[in-house]
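S.K.: how would this look folded up:
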Amino acid sequence: MNIEQARFNMVEQQIRPWEVLDQTVLDLLFVVKREDFVPAAYRNLAFADMEIPIGSGQVMLAPRVEAKLLQELGIQKTDKVLEIGTGSGYMAALLAARAEHVLSVEIRPELANFARENIQRAGITNIKLETGCGAKGWAQAGPYDAIVVSAAMPVVPEALLKQLRVGGRLAVVVGEAPAMEAQLITCTAAGIYNTINLFETVIPSLDGVGAAAEFAL
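M.R.: Model (predicted):
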C-alpha cells in the first residue's frame, strides 16, 4: 500500500466532500500519522471510510467524523481541551497539535495503555492521560475551552456543560441508535448554551453511560 497516496485519497475523497474545508485541519491530517494509532492487524485499513476495531469492543471513529468534529471545535493554540474516550489516542493527538494542552480520559486501562504508547511514540508532550470514567467530565481539572466526547451519549449531562468556560465549545454525538445527532454546544454566558446540530450519524455509545433515563434522575 502506498501510504501517502492512501492518506491523500482519504482527505480528498472522504473528508473534503463532507464539508471539511478548514485547510489547517486538512493539513493536520497529513502531519499526525493516523496509521501509527491503528492496531497492527488493521494498519492497511487506516485510511478506510469505516470504524476500526481497537480492542475491548471499542473502535476508532471514521476519519471524516473525527475531522468534522475537529473543524467545528475551532481549537486555538491557547485552548485547554478535555477529551472523553481516548481510544487509540488519535483524536487526542489531533487536538494536541492545535491546543495548548489536552486532558484525555479513558475508562478501560488496556486502551489507556495502548493510547499512551501511541502518543509517546509520536513524541507528543502536551497530552495528559487519565484512566477513569469521564461520563460526567473531569471537573477537577476544569474548566475547559473545548470538550470532545469520542463516543455517543444518550443526553448531555449538566455536569459536563458546567465544565465549559464562557466561550467554550462541546462536540458530542447525542442520542441512541438509530437516531443520533452530532452537536456543537457553545457556552455563550454563564449557564447559557447554544446548540447547533451538525450531522446525523450512529457511533458506539460511551462506556459508563446507560440509557437516557439514568441521566434524568
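
S.K.: can we go C-alpha only for contacts and neighbour counts from here?
M.R.: OK.

S.K.: So which residue is smack in the middle of this structure?
M.R.: In the chain, the C-alpha nearest the mean C-alpha coordinate belongs to Ser150, at 3.9 Å (CA atoms, centre = their mean).

S.K.: what's the spacing between that residue and Val166?
M.R.: In this view, Ser150 and Val166 are 22 Å apart by CA to CA, to the nearest Å.

S.K.: could you say what helices and strands the lengthiest strand in the chain packs with?
M.R.: Of all the segments of type strand in the chain, defined by DSSP state E, the longest one is strand 164-176. When contacts are defined as 3 or more CA pairs under 8 Å, 6 or more residues apart in numbering; DSSP states H and E, strand 164-176 packs onto helix 63-73, strand 144-153, strand 179-189.

S.K.: remind me which residues of this protein are low pLDDT?
M.R.: The chain contains residues with pLDDT under 70 at 1, 210-217.

S.K.: Could I get the full set of helices for it?
M.R.: All helices of the chain, identified by DSSP state H, fall at 3-9, 23-31, 63-73, 90-98, 109-121, 158-161, 212-216.

S.K.: right, and those helices - which one's nearest Val172?
M.R.: Nearest to Val172, of all the helices of the chain, is helix 63-73, at 8.3 Å by CA to CA.

S.K.: Centre of the chain to the closest one, how far?
M.R.: 8 Å (CA atoms, centre = their mean, to the nearest Å).

S.K.: and what of stretch 111-130?
M.R.: Here stretch 111-130 is found 15 Å from its chain centre; the criterion is CA atoms, centre = their mean.

S.K.: Check what contacts that stretch and list those residues.
M.R.: 36-37, 54-56, 86-90, 92-93, 96, 100-106, 131 (CA atoms under 8 Å, 6 or more residues apart in numbering).

S.K.: From one end of that stretch to the other, what's the distance?
M.R.: From its first residue to its last, stretch 111-130 covers 11 Å (CA to CA).

S.K.: Check stretch 58-68 too.
M.R.: Start-to-end span of stretch 58-68 (CA to CA) is 20 Å.

S.K.: List the neighbours of that stretch that are in contact with it.
M.R.: If you take CA under 8 Å, 6+ apart as the criterion, stretch 58-68 is touched by 10, 14-15, 18-20, 25-26, 47-54, 87-88, 91, 150, 203-204.
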